[in-house]
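*Asks:* The sequence and its predicted three-dimensional model are supplied below.
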Amino acid sequence: MNRSKVYAPGVPGALAAPVGGAASIARRYRGCRLFFAPILALAVLCGPLRAQEEAAPVLKDILPTSGLEFTYHDVIAEPPLWRVRYVVPALDTAELPFEEVAGDIELLCTQDALRRVTDAGGEPATIVITLMSEPVDFGIMTPDVTQFFESFFVQSDLCIWEAF
């Protein structure tokens, strides 16, 4: 492609955009879009499937005060609010009062949830930690599943408890 420099009238040495506008990357590589579009569509569609297939790891780095095992379930982003949900099967088998897991919820926020959200590029103002005895769909009432919720205000990389 023959490109000649176009100078702005009345301003010696100043370059100007050519008639019809400057050449954009999209204009230069039109054929590549057709080649990469199906590949990009496959990556977008198959990426979430691959993420769902992976088993959720039991959190070993966090030492819960209750002695229970916590398994990361998912993150629901509603910026600036982020919900991080964990499965704790023992909530269903034992009659655990909330007071026994309250310290664990704060540890989960500061040591796991905050890192997950910021690693995903989020800047949370509020993080809600959910503990559930078994996985449930978000927003669906499931009275037979035990769930605990706590909300934390995020400031200076700290989770500060706030009452609902």
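*Replies:* Ah, there it is.

*Asks:* I'd say Asp74 and Tyr86 touch.
*Replies:* No - using C-beta atoms under 8 Å, Asp74 is not in contact with Tyr86, being 9.2 Å away. C-beta coordinates here come from the backbone N, C-alpha and C atoms, glycine included.

*Asks:* and the two? which has more neighbours close in?
*Replies:* Tyr86 (23 against 16; other C-beta atoms under 10 Å).

*Asks:* shaky segments in this structure?
*Replies:* 1-63, 94, 164 (pLDDT under 70).

*Asks:* ranges for the strands of it?
*Replies:* 71-78, 81-87, 126-132, 147-155, 158-162 (DSSP state E).

*Asks:* Tell me the buried residues in the second one?
*Replies:* Spelled out, it's strand 81-87. Neighbour-count burial for strand 81-87 flags 82-87 (criterion: 16 or more other C-beta atoms under 10 Å).

*Asks:* Let me have the strands of the chain in a markdown table, adding distance to Thr93 as columns.
*Replies:* Shown next, in a markdown table, are these (distance: least, C-beta to C-beta, whole Å):
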| stretch | distance to Thr93 |
| --- | --- |
| strand 71-78 | 15 |
| strand 81-87 | 13 |
| strand 126-132 | 13 |
| strand 147-155 | 15 |
| strand 158-162 | 27 |
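
*Asks:* Can you give me the distance of Met141 to Ser133?
*Replies:* 15 Å (C-beta to C-beta, to the nearest Å).

*Asks:* Same drill for those two, tell me which one is more crowded.
*Replies:* Using other C-beta under 10 Å, the more surrounded residue of Met141 and Ser133 is Ser133, with 20 against 7.

*Asks:* how about the nearest residue to that one, chain neighbours excluded?
*Replies:* With C-beta to C-beta, 6 or more residues apart in numbering as the measure, Asp92 is the residue that lies nearest to Ser133, at 3.4 Å, once sequence neighbours are left out.

*Asks:* What is the neighbour count of the one you found?
*Replies:* Quick note: Asp92 (other C-beta under 10 Å) scores 15 neighbours.

*Asks:* cool, Gly103 as well?
*Replies:* 12.

*Asks:* returning to what we had before: which residues are in contact with the residue nearest to Ser133?
*Replies:* By C-beta atoms under 8 Å, 6 or more residues apart in numbering, the contact set of Asp92 is 133-134, 145-146.
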